[in-house]
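Undergrad: No letters, just coordinates:
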């Protein structure tokens, strides 16, 4: 899986709306036990919601 991240945007917004940093999220994404679903609220782009546990 290719993960794209803008470090300038990450520095400007260290926590997303749910209080998760990109570093925390990046650790969860490759976990085979996560639950990922398409975000039905996203318009004009492919977005997904992933539920998992970090270290």
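TA: Cool, got the structure. The structure displayed is predicted, hence computed values, not measured ones.
Undergrad: The residue nearest the centre of the chain: helix or strand, and which one exactly?
TA: The residue lying closest to the centre of the chain (Cα atoms, centre = their mean) is residue 25, at 5.0 Å. Assigned by DSSP states H and E, residue 25 belongs to helix 22-28.
Undergrad: What is that helix packed up against?
TA: For helix 22-28, there is no helix or strand it packs on, judged by 3 or more Cβ pairs under 8 Å, 6 or more residues apart in numbering; DSSP states H and E. Glycine gets a C-beta too; all of them are placed from N, C-alpha and C.
Undergrad: just checking, residue 49 touches residue 37?
TA: Yes: Residue 49 lies in contact with residue 37 (Cβ atoms under 8 Å); the separation is 5.5 Å.
Undergrad: Tell me which of those two has more neighbours.
TA: Set residue 49 next to residue 37 and count neighbours by other Cβ atoms under 10 Å: residue 49 wins out with 13 against 9.
Undergrad: what residues are up against the more buried one?
TA: 36-39 (Cβ atoms under 8 Å, 6 or more residues apart in numbering).
Undergrad: And the pLDDT at the closest residue in space to residue 24 that isn't next to it in sequence?
TA: Leaving out its chain neighbours, the residue that sits closest to residue 24 by Cβ to Cβ, 6 or more residues apart in numbering is residue 54, at 4.9 Å. What the model reports as pLDDT for residue 54 is 71.
Undergrad: so what's residue 54 up against?
TA: By Cβ under 8 Å, 6+ apart, the contact list for residue 54 reads 24, 27-28.
Undergrad: Could you measure from the residue nearest to the centre of the chain over to residue 38?
TA: Distance of residue 25 to residue 38, given as Cβ to Cβ, to the nearest Å: 17 Å.
Undergrad: Helices - which of the contacts of residue 49 land there?
TA: Among the contacts of residue 49, none falls in helices (DSSP state H).
Undergrad: and of the residues you listed, the nearest to residue 19?
TA: Closest approach between these and residue 19, by Cβ to Cβ: residue 39, at 17.9 Å.
Undergrad: surely that closest one meets residue 47?
TA: Yes: counting by Cβ under 8 Å, residue 47 is a contact partner of residue 39 at 4.1 Å.
Undergrad: Backbone dihedrals for the nearest residue to residue 28 once chain neighbours are set aside, please?
TA: Spatial nearest neighbour of residue 28, chain neighbours left out: residue 52 (3.8 Å); criterion: Cβ to Cβ, 6+ apart. The phi/psi pair for residue 52 (degrees, to the nearest 10) reads phi -160, psi 180.
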